[in-house]
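Undergrad: quick check, what structure comes out for this input:
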Amino acid sequence: MKIPRLTDTTLRDGSHAVSHNYSPEVIRSVVSKLDEARVPVIEVSHGAGLAGSTIQQGFSTHPEFDLIKTAVESTNHAKIASLFVPGIGTSEELRKAVDIGIGAIRIAVHCTEADVTEQYFELAKALGIEAVGFLMMSHTQGANVLAEQAKMMESYGADCVYIVDSAGALVPTGVRERVSALKEALSIEVGFHAHNNLGLSIGNSVAAYEEGADQIDGTLRGLGAGAGNTPTEVLVATLKKMDIDTGINLSILMDVAEEIVAPLMSAPIIIDRDNLSSGYAGVYNSFLLHVRHAAEKFGVNPSEIMEELGKRQAIAGQEDWILDVAVELAEKKDLKV
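TA: Here you go, the predicted structure:
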């Protein structure tokens, strides 16, 4: 079976978990070590992608293009990738990131909105970089729907399309169905991006690999939105135990996870009530901090907000609903708002 290509997204998905507070020094340290360990792809950008530093998504402490430039200058082997969400980023930011030196763009949309990605895939290919499609919230749709969406991305020029478990809501059978459907439908590569709300990030990543996933994501220490991601160092160790040699130096990964990334964390990422509620209800993980703030402000339980957002099938870009739901719940309880 083909050895999967691993992408470490500590410096993108992990940005959510540190309130988009990465400094150039942290970027340089982490990228240099990941490069030394021979991680082939390193994703760097605001957690919400290029131009994500906004009042709605959370402001970055440092300009993201400075961070991307630092990452590009810190690699000798690895390809630097960035995330791009149409509607948050524009063609201008994509061109600028390519000018700085990224080698891949990961174009992310809700998993039924592939049709809005065409111009960005075409631009990425015209600019000469790798273009990867991200079907976010993939748990909300069946395998056949996802395969049709992925085929659209392939027709636009995608080199790979990912099943993205944005809420950490998938179980291994669901991962297998979805990855298998894309493998059957596409002639390009298929990837998988996990979150750990149900404690299944490693198991789901292995299930994806066993169904033929060509690319798999991870973050050091699992640092990421919500309950975090597949820990890159644990995934590499697990694959080694399965006699799958990714070519990545496990010792270096463990060291950078322990000595550089862990000190960045205000607390260990655990599957607490809020994270489990998010995964169980199927709510986008980047909503978590906003939900907690709204729950505290209006005196309601975060789990109740998650449950209602899950019923409404809220997707990325609908963060405004969080306050609406919190206010409605507070009013039902006759709490002062």
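
Undergrad: would you map the strands across this protein?
TA: 5-8, 41-43, 79-84, 104-110, 130-136, 160-164, 189-193, 215-218 (DSSP state E).

Undergrad: can you say which of the ones you listed is packed in most?
TA: Most buried of those by mean neighbour count (mean count of other CB atoms under 10 Å) is strand 160-164; its value is a mean of 27. Glycine gets a C-beta too; all of them are placed from N, C-alpha and C.

Undergrad: mind listing the helices for the stretch 101-250 of the chain?
TA: In the stretch 101-250 of the chain, the helices defined using DSSP state H, counting those that start in this stretch lie at 118-126, 143-156, 172-185, 201-210, 232-241, 250-256.

Undergrad: so which of those is nearest residue 271?
TA: helix 201-210 (10.3 Å; CB to CB).

Undergrad: can you tell me which of the helices of the stretch 101-250 of the chain is most buried?
TA: For the helices of the stretch 101-250 of the chain, where neighbours mean mean count of other CB under 10 Å, the stretch averaging the most is helix 201-210, with a mean of 24.

Undergrad: so which elements touch that helix?
TA: Helix 201-210 is packed against helix 172-185, strand 189-193, strand 215-218, helix 232-241, with contacts defined by 3 or more CB pairs under 8 Å, 6 or more residues apart in numbering; DSSP states H and E.

Undergrad: what's in contact with stretch 54-63?
TA: 15-16, 19-24, 46-48, 52-53, 67, 88, 286, 289, 319 (CB atoms under 8 Å, 6 or more residues apart in numbering).

Undergrad: what do you get for stretch 310-319?
TA: Against stretch 310-319 from outside (CB under 8 Å, 6+ apart): 56, 85, 87, 110, 136-137, 140, 166, 280-284, 286-287, 290, 321, 325.

Undergrad: now do the same contact list for residue 101.
TA: 68-69, 72, 80.

Undergrad: can we see that at 6 Å?
TA: residue 72 (CB atoms under 6 Å, 6 or more residues apart in numbering).

Undergrad: please apply the same query to residue 203.
TA: residue 172.

Undergrad: next one: residue 122
TA: Residues counted as contacts of residue 122 (CB under 6 Å, 6+ apart) are residue 157.

Undergrad: which pLDDT value belongs to it?
TA: At residue 122, the model reports a pLDDT of 98.

Undergrad: looking at the helices of the stretch 101-250 of the chain, which is nearest to residue 299?
TA: Closest of the helices of the stretch 101-250 of the chain to residue 299 is helix 201-210, at 32.5 Å (criterion: CB to CB).

Undergrad: run the chain-centre distance for the closest one.
TA: In terms of CA atoms, centre = their mean, to the nearest Å, the centre of helix 201-210 is found 16 Å from the chain centre.

Undergrad: cool, stretch 225-234 as well?
TA: The mean C-alpha position of stretch 225-234 is separated from the chain mean by 10 Å, CA atoms, centre = their mean.

Undergrad: and that stretch, end to end?
TA: One end of stretch 225-234 sits 18 Å from the other (CA to CA, to the nearest Å).

Undergrad: so residue 294 sits against residue 325, correct?
TA: No - the criterion here is CB atoms under 6 Å, and residue 294 misses it with residue 325 at 7.7 Å.

Undergrad: columns distance to residue 304 on top of the helices of the stretch 101-250 of the chain, output as CSV?
TA: Shown next, in CSV, are the helices of the stretch 101-250 of the chain (distance: least, CB to CB, whole Å):
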stretch, distance to residue 304
helix 118-126, 37
helix 143-156, 29
helix 172-185, 25
helix 201-210, 26
helix 232-241, 33
helix 250-256, 39
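
Undergrad: thinking again about what came up before, quick one: buried ones out of the contacts of stretch 54-63?
TA: With burial judged by 16 or more other CB atoms under 10 Å, the buried subset of the contacts of stretch 54-63 is 15-16, 20, 22, 24, 46-48, 52-53, 67, 88, 286, 289, 319.

Undergrad: mind checking pLDDT for residue 336?
TA: pLDDT recorded at residue 336 is 63.

Undergrad: residue 290 too?
TA: At residue 290, pLDDT is 87.

Undergrad: residue 165 now?
TA: 97.

Undergrad: circling back: closest one to residue 331 among the helices and strands packed on helix 201-210?
TA: Each of the helices and strands packed on helix 201-210 has some distance to residue 331 by CB to CB; the shortest is helix 172-185, at 35.8 Å.

Undergrad: OK, contacts around residue 309?
TA: If a contact means CB under 6 Å, 6+ apart, then residue 309 has residue 283 as its contacts.

Undergrad: quick one: it from residue 141, how far?
TA: Distance of residue 309 to residue 141, computed by CB to CB, to the nearest Å: 17 Å.

Undergrad: repeat for residue 327
TA: Distance of residue 327 to residue 141, given as CB to CB: 30 Å.
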